[in-house]
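Participant: Need a 3D model of the sequence below.
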Amino acid sequence: MTWDIARLYALAIWPASAAIFVIAGCRLNAMPKNTRWPVVVEYAVWSAIAWGMVLLPLVGEWPGPGMVLLAYSLVVVLLCSARAWAGDVAPDEATDILALESLAPVQRIELYVLRQRARAGALWQRLKARRARS
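Facilitator: Here you go, the predicted structure:
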């Protein structure tokens, strides 16, 4: 049996695909029941990407070096947020804006006030820095 370079690339993608699938699956499993649907869809798409990369050779689409690099880059992207998911527990927010769980009206108001205070504090610091320069 001869192994050409396309088959080697296809074989090289398997560990990355497995890592993406396991990470996404664990995060889907750790999400509470009231997780917002865009976050659930995001990790479901991560799982679909992992399966798709492995199954592409079955339809005649052999991966190249760019696809292998992309696959391992996706693993790095998921591993960069590992600290937020430590202990297989979903973080409070998946991003800095969209909370994982639906917020109660009081929580929305508190979050809005905190964000406005942070923006005002940043603006105040910029104004102080301008004054110091002039």
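Participant: contacts and neighbour counts: CA atoms only from here.
Facilitator: Noted.
Participant: So for Ala48, what's the nearest residue that isn't a sequence neighbour?
Facilitator: Counting by C-alpha to C-alpha, 6 or more residues apart in numbering, Ala48 lies nearest to Phe21, which is 8.0 Å off, once chain neighbours are set aside.
Participant: in the chain, which ranges drop under the pLDDT threshold?
Facilitator: 1-2, 92-102 (pLDDT under 70).
Participant: what are the ranges of the helices in it?
Facilitator: For the chain, the helices defined by DSSP state H occupy 5-30, 37-55, 65-80, 105-133.
Participant: Pick the most buried one from the ones you listed.
Facilitator: helix 5-30 (a mean of 18; mean count of other C-alpha atoms under 10 Å).
Participant: Give me the helices and strands touching that one, please.
Facilitator: Packing partners of helix 5-30 (3 or more C-alpha pairs under 8 Å, 6 or more residues apart in numbering; DSSP states H and E): helix 37-55, helix 65-80.
Participant: With distance to Arg115 as extra columns, can I get those in TSV?
Facilitator: Shown next, in TSV, are the helices and strands packed on helix 5-30 (distance: least, C-alpha to C-alpha, whole Å):
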stretch	distance to Arg115
helix 37-55	21
helix 65-80	24
